[in-house]
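[1] What would the 3D arrangement of this be:
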Amino acid sequence: MKTSLCTGVLVAFVASVSPTVRGGEAWFQEFDEGRAAAKAQGKDLLIDFGGSDWCAPCKWLKERVFSKPEFIERATHDFVLVDIDLLMRKGAAISADRKERYEKLQERYEIATFPSVLLATSDGRPYARTTYHQESETPEQYWKHLVPLHERGQRFRREIARAKTQRGHERAEALANALGEIDARFVTRFHAETLADLRAADPSDSTGYLAFVEGRRALDEFQAKIDVFKGAISVDEVNALIARKKLRGESLQEALVLRATAELLAGDDRQALRTFAAVLDAQASRTRFDHGDFVPLDAASIAKVRRRIVEGEVDKGDGVALYYALHRIFAFELPDPYEVCCGHGFRPSIRVRETMGNRYGSALIRSTEGLSDDARARALAKGLDGTFFAAQGSIREIILDRIPALVGKETAKKILPGSFYPRWIR
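    Sure thing, here's the model as predicted:
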């Protein structure tokens, strides 16, 4: 449940975002014109879906990367650039006709996060997607980030061409290899013909790709039915999905994150921690079709989350270490390719931050009983360090009532983590 940067403290920043930075004439502002140019020039499309006057990461990506001549010079060698910038602020908003076209494009490509950068063939069939990344915020860094994604599109075309020369199992392998290069979210909608060819060439699914994409589709459909605000999700239903579709790799890992969410909402917090350990163990079940598009775990992040799980497991019984570990894993330490974005990334869109915050705050209050006023206030403040909770329930009680009552408002402002006191203590 990575916290979106378009919530909380960023809201005030987004309100002051200046109008979009244009990338110059190199960027088409109409999709159809860009697609026609891509076909004429024999290039792929790079499509930037954003809203640079209301979404801070969209603005940063334009200002720091896409508007820079050194990026444009490199990118236009391989791509035709299309800027789908849905401006919303008064005075900068686009025409009603263009707004409607942009919204239809967002719907067509199922854009739920901003910015979303799609790489697509010249006819508009996408094969990879990405977004803004803090570690790739210069033109050179971002281009290096895009290169392997572009190479996936090239391999896709080579394997499609090879499949046309093959028969039997070799043809099935080539088709599976081709589809395996495509972000799985795009396959059914944009590459259905190739998928149908693979089904015909390999009805027994000897390549394993059909099971892979079916599991991915079933998981996506399952998540689409979840009520984000009510948190209506069942551990048994998730387990049944995993068993029925024999999920492996990233699909299994994402389903297990869903299960941990359901367990936490049901109050089975220690089991949720064990399920996160299963998420890490499922890394070994990844197939050649898993590219890290959904759960981009690597050795370093696995080690970090594993250490956090151990910290939660040795909880003294008051719940402080347990809930802190769960919060850090959910909100920060499970890698998310859409960590810096507006909207929903790969993570199940269930609201658990409030639940974890209330339980953690209650545990923190209990654990500090018996301390002197000053010591208790400082222990409560220290307990909030490294967290990002909403000022609700017991967290609000700690910030607005407990600590000020123990040491006064001015001292409370000094000892509370800076992310808390400016917003709430007046």
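[2] can you give me the strands in the stretch 1-150 of the chain?
    Using DSSP state E, counting those that start in this stretch, the strands of the stretch 1-150 of the chain run over 27-28, 44-50, 79-85, 113-114, 116-120, 126-130.
[3] neighbouring contacts of the second one?
    Contacts with strand 44-50, where a contact means CB atoms under 8 Å, 6 or more residues apart in numbering, come from 27, 31, 34-35, 38, 58, 61-62, 66, 75, 78-86, 105-106, 109, 111, 114-122, 124, 126, 146, 150, 153. Quick note: C-beta positions are derived from backbone N, CA and C, even for glycine.
[4] repeat that with 7 Å
    Defining contact as CB atoms under 7 Å, 6 or more residues apart in numbering, one finds that strand 44-50 is touched by 34-35, 38, 58, 61, 66, 75, 78-85, 106, 111, 114-122, 124, 153.
[5] chain center to it: distance?
    18 Å (CA atoms, centre = their mean, to the nearest Å).
[6] List the buried residues of it.
    Within strand 44-50, the residues scored as buried using 16 or more other CB atoms under 10 Å are 44, 45, 46, 47, 48, 49, 50.
[7] related to what we said a few turns ago, please identify which of the strands of the stretch 1-150 of the chain is closest to residue 171.
    Of all these, strand 126-130 sits nearest to residue 171, with 20.3 Å by CB to CB.
[8] What angle do strand 44-50 and the closest one make with each other?
    Per axes from the mean of the first three to the mean of the last three CA atoms, to 10 degrees, the angle that strand 126-130 makes with strand 44-50 is 40 degrees.
[9] Quick one: list the elements packing against strand 126-130.
    strand 116-120, helix 139-163, helix 184-190 (3 or more CB pairs under 7 Å, 6 or more residues apart in numbering; DSSP states H and E).
[10] Throw these into a markdown table and include mean neighbour count and distance to residue 171, thanks.
    A markdown table is the format used below for these (neighbours: other CB atoms under 10 Å; distance: least, CB to CB, whole Å):
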| stretch | mean neighbour count | distance to residue 171 |
| --- | --- | --- |
| strand 116-120 | 23 | 25 |
| helix 139-163 | 16 | 5 |
| helix 184-190 | 18 | 18 |
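[11] would a markdown table of these with mean pLDDT be doable?
    A markdown table is the format used below for the helices and strands packed on strand 126-130 (pLDDT from 0 to 100):
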| stretch | mean pLDDT |
| --- | --- |
| strand 116-120 | 97 |
| helix 139-163 | 97 |
| helix 184-190 | 95 |
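[12] Tabulate these (CSV), appending distance to residue 256.
    Listed next are the helices and strands packed on strand 126-130 as CSV, based on distance: least, CB to CB, whole Å:
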stretch, distance to residue 256
strand 116-120, 25
helix 139-163, 26
helix 184-190, 17
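[13] about what we covered before: which one of the strands of the stretch 1-150 of the chain has the lowest average pLDDT?
    Lowest mean pLDDT within these: strand 113-114, at a mean of 91.
[14] That one pairs with which strands?
    Next to strand 113-114 in the sheet, as set by DSSP bridges, lie strand 342-343 (antiparallel).
[15] Quick one: name whatever helix or strand follows the partner strand.
    Using DSSP states H and E, the helix or strand that follows strand 342-343 in sequence is helix 353-367.
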